[in-house]
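[1] structure for the following, please:
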Amino acid sequence: MLRPHDGRRANLALVMQSLFNESQLTRADLARQTGLTKVTISDLVAELIDDGFVQETGLIQGARPGKPAAGLAVREDQHDIVAVDLSALDVFRAGVYSLKGQCRMERNVALAGRTGDEAVEAAFELIARCMEDADRRILGIGIGSPGTVDAEGRVISAPNIGWNKLALQDKLSQRFTVPVAVLNDANAAVIAETAFADAANDLIRVQITRGVGAGILVAGSLVLGTSAAGGEIGHVVIEHRGAICSCGKRGCLETWISAPALRRRLLADESNHNSVLAEAGRRLGMALSPIVAALDLQEIVVGGPAELIAGPFLDACQSLLIERTHSEFRRDPTVKTSTLGNDAVLLGAVSLVLRTTLGVS
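    Next comes the predicted model:
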């Protein structure tokens, strides 16, 4: 049953989403875009102004004859977001960001081999430093974590960092006094692509770091699956007699294309640098082709170390995808590197907080 309070929250989110999409809207513009009455819009805007999320920016002339009306825009000088990326091999990163994704400051902490509870404590220390340094109200803390993460922010399994059934969101909520949201790092990265890089609403984004994962968007919604393991392609077996993976199986995709695995292969065969990268790219194409075909996806974004994924790796991945999914009924898929670089998970954590607190995607 929808309660009146839920309806108001939905309407506030509708107004905020409109202002995120387009600045300098008037109250009349918002009424036309949202379908809400002018009285309702005025009431909602007044609340958002009082709460420090929206500000008037001066009078602007509307498209229709009449008096100029006050323009409205998202206010960025009242609230910040703490974003955290736990996906890298040797360092945890965090930053304080504006509501529009501008980085105000960044901090990091070296893991130095720490796993399990020690790694959790390192994350807590890093977040505490960001909270202390922030000089605006913190809207929330967003976390991009490796491993399988369920809807309650529990890390079900992250073998590479020694986390198993870790209630990370609950632990952070108990430590800090602001809303906390935890998402798998690849899922965080894919929502960043739509929020900050104008990517399509139907998209798969592969995240290559200490492990391998993917975030999948269909019609703008994350595909999480029944076990919160949607996009967990890193532990799909692509070589039955391959190397032993950290999960215990042999020949997982991760044993081929994770950043550490790729660097080991390059070091062992320095004279065939491009061939090694191309073979790894084909392995990724093998794992992606059934997904791309089943969901009719045309856009694939890959994030990871540029020296590994740009060039032969991506070229080989795209060639194999086209070879295995080509059809006269749809366009061939394109594979490209992310324009967000190393900040995709951090920006995804920003987007996660915006989604869970303000309803803005």
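[2] residues touching stretch 161-179, excluding its own?
    Where contact means C-beta atoms under 8 Å, 6 or more residues apart in numbering, the residues beyond stretch 161-179 that reach it are 82, 86, 115-116, 119-120, 124, 127-128, 131, 138-141, 143, 145-147, 149, 152-158, 180-182, 210, 353, 356-357. (C-beta placed from N, C-alpha, C; glycine too.)
[3] change it to 7 Å
    With contacts defined as C-beta atoms under 7 Å, 6 or more residues apart in numbering, stretch 161-179 is touched by 115-116, 119, 124, 127, 131, 138, 140-141, 143, 145-147, 152-157, 180-182, 356-357.
[4] do the same with stretch 258-267
    The list of residues contacting stretch 258-267 from outside it, by C-beta under 7 Å, 6+ apart, reads 89, 208-212, 254-255, 273, 276, 280, 304-305, 308.
[5] quick one, strands of the stretch 101-250 of the chain?
    Applying DSSP state E, counting those that start in this stretch to the stretch 101-250 of the chain gives strands spanning 103-110, 137-145, 148-149, 155-158, 163-166, 180-184, 203-208, 212-218, 221-222.
[6] thinking again about what came up before, so among the contacts of stretch 161-179, which ones count as buried?
    Listed as buried from these are 119, 127, 131, 138, 140-141, 143, 145-147, 153-157, 180-182, 356-357; burial here means 16 or more other C-beta atoms under 10 Å.
[7] and L59, what element?
    For L59, the element it lies in under DSSP states H and E is strand 54-60.
[8] the helix or strand just after that strand - what's its average pLDDT?
    Using DSSP H and E, the next helix or strand after strand 54-60 towards the C-terminus is strand 69-74. Over the span of strand 69-74, the pLDDT mean works out to 91.
[9] over to stretch 281-296?
    The average pLDDT within stretch 281-296 is 95.
[10] who does S221 bridge with?
    On the basis of DSSP bridges, S221 is bridged to V218.
[11] count of residues packed around it?
    By other C-beta atoms under 10 Å, 10 other residues sit near S221.
[12] for the chain, which spans come out with low pLDDT?
    Within the chain, the stretches with pLDDT under 70 are 1-5, 61-67.
[13] domain ranges for it?
    4-74, 79-190+344-357, 198-338 (automatic domain parsing).
[14] so which of those domains is the most packed in?
    Stretch with highest mean neighbour count among those: domain 79-190+344-357 (a mean of 20; mean count of other C-beta atoms under 10 Å).
[15] ok now that domain, how far from the chain's centre?
    12 Å (C-alpha atoms, centre = their mean, to the nearest Å).
[16] and for stretch 336-349?
    8 Å.
[17] can you start the count at 32 instead of 1 from here on
    I'll keep to 32 as the first residue from here, and by that count the last item is stretch 367-380.
[18] quick one, helices of this structure?
    Listed in chain order, the helices of the chain (DSSP state H) span 35-52, 58-65, 69-81, 147-164, 199-206, 216-227, 285-288, 290-299, 304-326, 337-340, 343-356, 375-388.
[19] now do the last one: which elements does it pack against?
    Looking back up the chat, that one is helix 375-388. The helices and strands touching helix 375-388, judged by 3 or more C-beta pairs under 7 Å, 6 or more residues apart in numbering; DSSP states H and E, are strand 110-116, strand 122-128, strand 168-176, strand 211-215, helix 216-227.
[20] that one vs helix 35-52, what angle?
    Computed by axes from the mean of the first three to the mean of the last three C-alpha atoms, to 10 degrees, the angle separating helix 375-388 from helix 35-52 equals 140 degrees.
[21] now the longest one
    Computed with the same axes, to 10 degrees, the direction of helix 304-326 lies at 140 degrees from that of helix 35-52.
[22] packing partners of helix 304-326?
    Helix 304-326 sits against strand 234-239, helix 285-288, helix 290-299, helix 343-356, with contacts defined as 3+ C-beta pairs under 7 Å, 6+ apart.
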